[in-house]
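Participant: build me a model from this:
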Amino acid sequence: MNVEQKARTLVRTAFEHARAGKWLPLEALLDAGVPSNVMNENGDSLLMLAAYHGHHDAARGLLERGADPSLVNDRGQTPLAGAAFKGDVRMVDLLVAGGADVDQRMPGDKTALMFAAMFDRVDVVRRLVALGASTSARDAGGVTAAELAATMGAASAAKVLTQEAVFH
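Facilitator: Take a look at the predicted model:
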C-alpha cells in the first residue's frame with residue numbers, strides 16, 4: 001500500500017468513526033494528521049456526520065479541534081440544519097456554542113430554523129429562537145419559517161413561530 005492509499009484509508013476510517021460516534025479512535029486519527037475539516041465524496045465533513053447522527057462527544061471533540069460548523073455539504077446542508085432536522089436540541093446548543101451561526105443561509109436561502117419548522121421540531125424551534133434565530137427571515141421564495149411550517153402541515157411549529165412573531 002502506497003502513501004496515498006494509506007492516507008485514503010485513514011480518512012475513510014475517520015468518517016466511519018464520526019458516523020458511529022467513536023470519539024477516541026477518531027481523536028487518534030486526528031492526532032495522526034487527518035484534518036478536522038476533511039470532506040467525503042458527498043461533501044460531508046466529519047462534524048456533519050457526527051452531528052447528524054447525534055454523537056455529542058464526537059461533535060464536541062471535533063469542534064475543539066477546529067472543525068468548522070459552517071461547512072455546507074453537497075446537498076446544501078450544515079451540521080446545524082442536520083441537528084434541527086433531527087430534532088436534537090442538545091446538538092443545536094453544542095454547535096452554536098462551537099460557532100455555528102443560527103441564521104446561516106443555505107441554498108434557497110433557508111435557515112436551520114426553517115428546517116426545524118418544516119419538520120415540526122418544536123423544541124428546536126424554541127431553542128433556535130431563544131438563541132437569536134430570526135423569525136422574520138425569508139427564503140428565496142419570500143417565505144418565513146412560520147409560513148413554511150404551515151405549508152408543510154407542521155401546525156405546532158407554525159403556532160410557536162406565529163406567537164414568537166407577535167412578541168418580537
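
Participant: biggest helix in this structure by residues?
Facilitator: The single longest helix within the chain, with elements called by DSSP state H, is helix 3-20.

Participant: residue 125 versus residue 156, what's the distance?
Facilitator: In this view, residue 156 and residue 125 are 9 Å apart by CB to CB, to the nearest Å. The C-beta positions use only the backbone N, C-alpha and C, and glycine is treated the same way.

Participant: what do you get for residue 104?
Facilitator: Residue 104 is 16 Å from residue 125, by CB to CB.

Participant: ok, those two, which is more surrounded?
Facilitator: For residue 104 and residue 125, the more surrounded residue by other CB atoms under 10 Å is residue 125, and the numbers stand at 33 against 16.

Participant: which strands or helices does the helix or strand harbouring the more buried one pack on?
Facilitator: Assigned by DSSP states H and E, residue 125 belongs to helix 122-130. Judged by 3 or more CB pairs under 8 Å, 6 or more residues apart in numbering; DSSP states H and E, helix 122-130 is in contact with helix 79-86, helix 89-97, helix 112-118, helix 155-167.

Participant: next, the buried residues of that helix.
Facilitator: 122, 124-129 (16 or more other CB atoms under 10 Å).
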